[in-house]
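> Here is my input; please provide its structure:
(chains A, B, C, D, E and F)
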Protein chains: 6
Amino acid sequence: MARNDGRQVNDLREIKFTRGWLDHAEGSVLVEFGKTRVLCVASFSPGVPRWLKDSGNGWVTSEYAMLPRATHTRSDRESVKGKLGGRTQEISRLVGRSLRAIVNMKELGENTIVIDCDVLQADGGTRTAAITGAYVALADAITWAKAQGHIKATANPLSDSVAAVSVGIIDGVPMLDLCYEEDVRAETDMNVVVAGDGRFIEVQGTAEGAPFDRALLNQLLDLAVEGCATLSKLQKEVLSK
Amino acid sequence: MARNDGRQVNDLREIKFTRGWLDHAEGSVLVEFGKTRVLCVASFSPGVPRWLKDSGNGWVTSEYAMLPRATHTRSDRESVKGKLGGRTQEISRLVGRSLRAIVNMKELGENTIVIDCDVLQADGGTRTAAITGAYVALADAITWAKAQGHIKATANPLSDSVAAVSVGIIDGVPMLDLCYEEDVRAETDMNVVVAGDGRFIEVQGTAEGAPFDRALLNQLLDLAVEGCATLSKLQKEVLSK
Amino acid sequence: MARNDGRQVNDLREIKFTRGWLDHAEGSVLVEFGKTRVLCVASFSPGVPRWLKDSGNGWVTSEYAMLPRATHTRSDRESVKGKLGGRTQEISRLVGRSLRAIVNMKELGENTIVIDCDVLQADGGTRTAAITGAYVALADAITWAKAQGHIKATANPLSDSVAAVSVGIIDGVPMLDLCYEEDVRAETDMNVVVAGDGRFIEVQGTAEGAPFDRALLNQLLDLAVEGCATLSKLQKEVLSK
Amino acid sequence: MARNDGRQVNDLREIKFTRGWLDHAEGSVLVEFGKTRVLCVASFSPGVPRWLKDSGNGWVTSEYAMLPRATHTRSDRESVKGKLGGRTQEISRLVGRSLRAIVNMKELGENTIVIDCDVLQADGGTRTAAITGAYVALADAITWAKAQGHIKATANPLSDSVAAVSVGIIDGVPMLDLCYEEDVRAETDMNVVVAGDGRFIEVQGTAEGAPFDRALLNQLLDLAVEGCATLSKLQKEVLSK
Amino acid sequence: MARNDGRQVNDLREIKFTRGWLDHAEGSVLVEFGKTRVLCVASFSPGVPRWLKDSGNGWVTSEYAMLPRATHTRSDRESVKGKLGGRTQEISRLVGRSLRAIVNMKELGENTIVIDCDVLQADGGTRTAAITGAYVALADAITWAKAQGHIKATANPLSDSVAAVSVGIIDGVPMLDLCYEEDVRAETDMNVVVAGDGRFIEVQGTAEGAPFDRALLNQLLDLAVEGCATLSKLQKEVLSK
Amino acid sequence: MARNDGRQVNDLREIKFTRGWLDHAEGSVLVEFGKTRVLCVASFSPGVPRWLKDSGNGWVTSEYAMLPRATHTRSDRESVKGKLGGRTQEISRLVGRSLRAIVNMKELGENTIVIDCDVLQADGGTRTAAITGAYVALADAITWAKAQGHIKATANPLSDSVAAVSVGIIDGVPMLDLCYEEDVRAETDMNVVVAGDGRFIEVQGTAEGAPFDRALLNQLLDLAVEGCATLSKLQKEVLSK
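Numbers count the residues shown, from 1 in each chain, chains lettered A, B, ... in the order given. Predicted coordinates for the structure are as follows:
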């Protein structure tokens, strides 16, 4: 079954990572999943929040946001409204949790890395693109911190890599990496976060229309695992340059 | 393997539904999963939000919150802080989405039901208890609305029932319906929302420690489906009284 | 003159105190004045706010709130609106002030007790029920703190008890302990907070309709003092169990 | 017993009303109780809030605030903090309620008067000075509205006048119209709002130290009634100029 | 060309400074530019914000606000809305910056002066009146602090004086010190802040209608410099009393 | 005198405009002044705010913001803090005002264009780059709206172009287009907004250190006018492609 952009059901969109997109940040990556473009920026700072002081552990957290005209029609700014929407907070928490799952906080030492994921253009799958790009920015910030001596050269703060992708069921057919047009038509929508070793970090599936059964769930998971394996490989390639 | 409260790994805690807990609300249920107690209150009102006017469709939404001393130590009120936390918004959205998955909005007609889930005491699994209790309150509010003539007697706004349960892996062992003490020790934590017909409405699994593999995921899903089947049966029983 | 629920003008509604309503809190009481139900929970913590550090004095404060469907029609949550209403803040201040009037802060030592009064169902007189129940929760928390050694066994932080009741004038007749239906019809509404020794801690009378004269004020005070004496007796009884 | 400013226990401070203190407002009065100075400004506008549309009734409301350096030490602005304090809201509500008690809303017609009471300098008794001055500003705005034809010349929106004063017990002695220095030493503090005919509109007494008995309460009320009678007379005089 | 109040194009309105307008503040001035009345209050406190600790430098800052009925029609309070408007923040920043330009922070020592500028009545030029009055209040607070020994008697924290005035082009004619009626008609509006030595501290010119050319800009600057010279002289006179 | 990046005092940095940077927006331009990069996005929508309904006039407004890591060290998000800073609001107002100065609202008709200026990387002069880029995005959105028939083909909503640049005095020398390193060292900082015809739209000069005299002001204006003339030419070129 052909998709509206000619992809097969198990094809990712064109994936691009542009490292060092900013001049000052310790790690910065513009990640693109087709027309979805997310700027992932890792800011390193020595020290940790108060509740981690003297624990010997570091901290990694993330904030996700969308520019007002990332989408087809303009949305009001959350800064102007004076409050964060539930969706924004939910995704920020997801990205942070996903990154922390592959960070060894002891090895990071008492340092903090904040990863800002700002969606410059949205065409579906922004949260999974954010996670996938954020990992590359995080890796770059850690390399920088080692070079600067903030982290010991022998330390290994990253226990694995992490990538994420969305999958969904459209007209009964499971598909990989939905664009916006597909996303709004999906009966079931799933975001899957997978470590470099193929194991799951987060699985979030939602029936948008009718409930889904175990067989479909399994097909979706198969697609996602395969997609994330490809993304992991691309992350490794781009980081090795 | 015995659990700290003597349950087997696939045992639910003692489940109690007290219908009509309040005098004025169209539907009100105090649901208890062991020491977890959530007051689920359904408020019916004719009419719908502006964006649904003249669509012929109804609306169901939910708000979840915790009393400040529901937990072991007191938390500051979100009303005093002046903003909703990310966790609160995330769970409110989950409860609303789970209920809407089994509501036929056309049959509901242009009416709105808001379900408030206030956690009076928290001992793990508050969001899944909230969903399970909210369904009963919702059913009662619909019965009330039919009796009052707000909904046609022949309408069938509920396409199925919905229940939810948490499952998790502790010391490598998958377990059903975690209490707080188990929850904080779990390596993987999953909340599963299941329709009365056994199909999935929402699956949210998170690796708190190491990533989890497909085999463990399957065991967790098995436990959850079984637990929700029991909860569905209990819901039916209590609603038939 | 008979009232709509059969009471005499100087009758209280049925008063119930359920101590230990929660499992974790240092003091917790569900207080009921007829259909008005308020959950009063005392949270003890060692230490005091910054401005009392090293003063040798403790601190007692209170927060009052209503669940959204405590009333006949649902109200929006203050946490969602992002600000506390004037009524909420006014009552929180009143409850805290009333409790502090019977606490000897020197005897309490540098410890803090926060009393949360959450109205689960409202049928008039919620602020006076809150004060009356809060005293019992406070007493229980102090007993707990003595047992734990946070407060010396010989200390006497409570200089007296405190109870409160509403009175009002309906069709020219002063009445005790108004329910909601009576409250909305009252020309004058008065909340009176009385110590165990019968003296006044707070007197708040408001002309809702026409101003009231000294004779009516005196009749209202007589009724309130009598009602509070009964409440004090009930508090003593329930605490002696 | 002589007071620190030489007054007798039943003496008011020097009271001054300066009408027309602003050029644009429909009614504006600078009221002074000794060093306490409150600018009371009445803004008239045709029309009423939505919930009163087509009721034939008008609306009167009030907002009270303090300039940051009205007091001995500077307070942060509530606009900068982004929220109204409980005290501010409580007093705003009190002032509005006190004025509405002497307004005939039917006679006012569908018009709104907002009275802003801004404390320029505070030396005790700001809320009672605000009520006393607000009445004069309100009367002026009504006169203006009649002259403009917004209210019929024959209408009588004011059913009486209203004045207020604080009283308190210092070293066991009841005193009238406390200045700040006295206010902080008072064991009991009472604010009394009295109509022109001598009847009560609001009575708010608080034990700051020990509870107070009926005899002291009566003495305080006597002082307050006497003080308000004098204030009523002064209001009449200044309005007749 | 005669102006609506009879002034010549290069005439200031009647300027009045009333020093010591409040009893408690370290410096307080009611400044009047015609009907524009701004209460400028300087609050002195030993110590500096955290980021200046141990720098040896002091700090001067300012907050500007308008009373709700300073203007022809009532505006909502920013404290009630829960946020500061852009205009308020912009002017607060301008006033603070203008004052800091003539303060020698080393000479001030680790002390803080906050200047509150509250517009009691607005008739155009409130921000420039605020700056002009704030300087006088600041000077008084410094004199007070020297007398109290908070600042050394030999220190010289003020390197110069500062005054400000608005100028604008109406029907092609540059004019000095616009009142509200002129301000709304102005094609170009400029606020100029000038030190006592005649040099510029801030120049803010805005084309409200058509852009303006260099010749008009020069004429406006000439008028402003002349106006500020007069204001500086008046400041000196009033401070010498 | 050579500058740290080799420029002459009257040299602009390298200026780049990338039109159509986003796929969905009606106008979108990435503007670069050296390392300063601002994404300017114009969103067109039929209709106007309520206060312009039926006036026949359109509306143009702007919002400026910075990504958290646009600068050398990360700043907290205003959306997370829950309030807009004064600087953000001040610049948003400046950009909107500058654009409206060259828009003929009658010709625009009852349509609204919102221009979002998001600073992706900041190296001085972000507000002036924003204005300069915003004009190009605005022109593109108007072209789009004409093509779509939202604006008549014969209408001429743009009365001129607009560009802006910063100038400043460093070590006594006036310089054009300051980068961040120069900006922090500048004694006087001026932002000048100039129409295509060379006339001024906004002039904002601030003494950061000592006040500045008329001669320096004139030199700064000369530099700015020359710089803006170059920018206008570049805008024309890029729009003609």
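> Chain C contacts on chain A?
Where chain A comes near chain C, counting by CB under 8 Å from any CB of the partner chain, the residues are A:Gly82, A:Lys83. (C-beta placed from N, C-alpha, C; glycine too.)
> what's the burial count for the residue of chain A found nearest chain D?
Among all residues of chain A, A:Gly82 sits closest to chain D, at 8.4 Å; criterion: CB to the nearest CB. Around A:Gly82 there are 19 other residues, counting by other CB atoms under 10 Å in any protein chain shown.
> so does the one helix or strand A:Thr143 maps to get close to chain B?
With the criterion set as DSSP states H and E, the secondary-structure element containing A:Thr143 is helix A:126-148. No: contact check for helix A:126-148 against chain B, using CB under 8 Å from any CB: none in range, with a minimum separation of 13.1 Å.
> Can I get whichever helix or strand comes after that helix as CSV, trimmed to CA atoms?
Towards the C-terminus, the helix or strand next in line after helix A:126-148, according to DSSP H and E, is strand A:162-170. What follows is the C-alpha trace of strand A:162-170 in CSV, where atoms were taken according to Å, rounded to 0.1, in the frame of the first residue of the first chain:
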residue,chain,number,x,y,z
VAL,A,162,18.3,6.2,22.5
ALA,A,163,16.0,6.8,19.6
ALA,A,164,12.2,7.1,19.2
VAL,A,165,9.6,6.9,16.5
SER,A,166,5.9,7.1,16.1
VAL,A,167,3.8,4.3,14.6
GLY,A,168,0.1,4.2,13.9
ILE,A,169,-2.8,2.3,12.3
ILE,A,170,-4.4,3.9,9.3
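> Look up phi and psi at the closest residue to A:Gly34 other than its chain neighbours.
Nearest non-adjacent residue to A:Gly34, counting by CB to CB, 6 or more residues apart in numbering or on different chains: A:Arg13, 3.3 Å away. Dihedral angles phi and psi of A:Arg13 (degrees, to the nearest 10) take the values phi -70, psi 180.
> Return the residues in contact with A:Arg13.
Taking CB atoms under 8 Å, 6 or more residues apart in numbering or on different chains, we find A:Arg13 in contact with A:Asp5, A:Arg7, A:Phe33, A:Gly34, A:Thr36, A:Asp177, A:Cys179.
> can you pull the pLDDT of the second one?
A:Arg7 is assigned a pLDDT of 96 by the prediction.
> now it, nearest residue through space, not along the chain?
By the measure of CB to CB, 6+ apart, the closest residue to A:Arg7 outside its immediate chain neighbours is A:Arg13, 7.1 Å from it.
> and stretch A:11-21, how far out from the chain's middle?
For stretch A:11-21, the distance between its averaged C-alpha position and the chain's averaged C-alpha position is 12 Å (CA atoms, centre = their mean, to the nearest Å).
> tell me which element the residue of chain A positioned farthest from its centre falls in.
Here chain A has its C-alpha centre computed as a mean, and the residue farthest from that point, by CA atoms, centre = their mean, is A:Asp54 with 29.8 Å. Using DSSP H and E, A:Asp54 falls within no helix or strand.
> Where does pLDDT dip in chain A?
Counting by pLDDT under 70, chain A contains low-confidence ranges at A:1-2.
> now the residue nearest to A:Gly34: how far from chain B?
25 Å (CB to the nearest CB, to the nearest Å).
> Tell me the spacing between that residue and A:Ser161.
20 Å (CB to CB, to the nearest Å).
> who touches the residue lying closest to the residue of chain A closest to chain D once chain neighbours are set aside in this structure?
Nearest-residue entry for A:Gly82: F:Gly82, 5.2 Å, with adjacent residues in sequence omitted and distances by CB to CB, 6+ apart. The neighbourhood of F:Gly82, defined by CB under 8 Å, 6+ apart, consists of A:Gly82, A:Lys83, A:Leu84, B:Gly82, B:Lys83, D:Gly82.
> what does A:Arg74 give?
Shown here is A:Arg74, whose contacts under the criterion CB under 8 Å, 6+ apart are A:Pro68, F:Ser43, F:Ser45, F:Val114, F:Asp116.
> And those, which of them are buried?
By the neighbour-count criterion of 16 or more other CB atoms under 10 Å in any protein chain shown, those include these buried positions: A:Pro68, F:Ser43, F:Val114, F:Asp116.
> Output those in TSV; the columns should cover secondary structure.
As requested, the buried ones among the contacts of A:Arg74 are arranged in TSV below (DSSP: H, G, I helix; E, B strand; the rest coil):
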residue	secondary structure
A:Pro68	coil
F:Ser43	strand
F:Val114	strand
F:Asp116	strand
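> Quick check: residues of chain A near chain F?
With CB under 8 Å from any CB as the criterion, chain A comes near chain F at residues A:22-25, A:28, A:35, A:39, A:41, A:43, A:45, A:63, A:65, A:67-69, A:71-74, A:77-80, A:82-84, A:88, A:114, A:116, A:118, A:120-121, A:123.
> If we use 6 Å, what do you get?
If contacts are counted using CB under 6 Å from any CB of the partner chain, the residues of chain A sitting beside chain F are A:22-25, A:35, A:41, A:43, A:67-69, A:72, A:74, A:78-79, A:82, A:84, A:116, A:118, A:121.
> Buried among those residues? Make that a PyMOL selection.
For anyone working in PyMOL, the buried entries among the residues of chain A next to chain F, judged by 16+ other CB under 10 Å, can be selected with:
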select buried, chain A and resi 22+24+25+35+41+43+67+68+69+74+78+79+82+84+116+118+121
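> just checking, which of the residues of chain A next to chain F belong to helices?
Secondary structure of the residues of chain A next to chain F is defined by DSSP state H; positions in helices are A:Glu78, A:Ser79.
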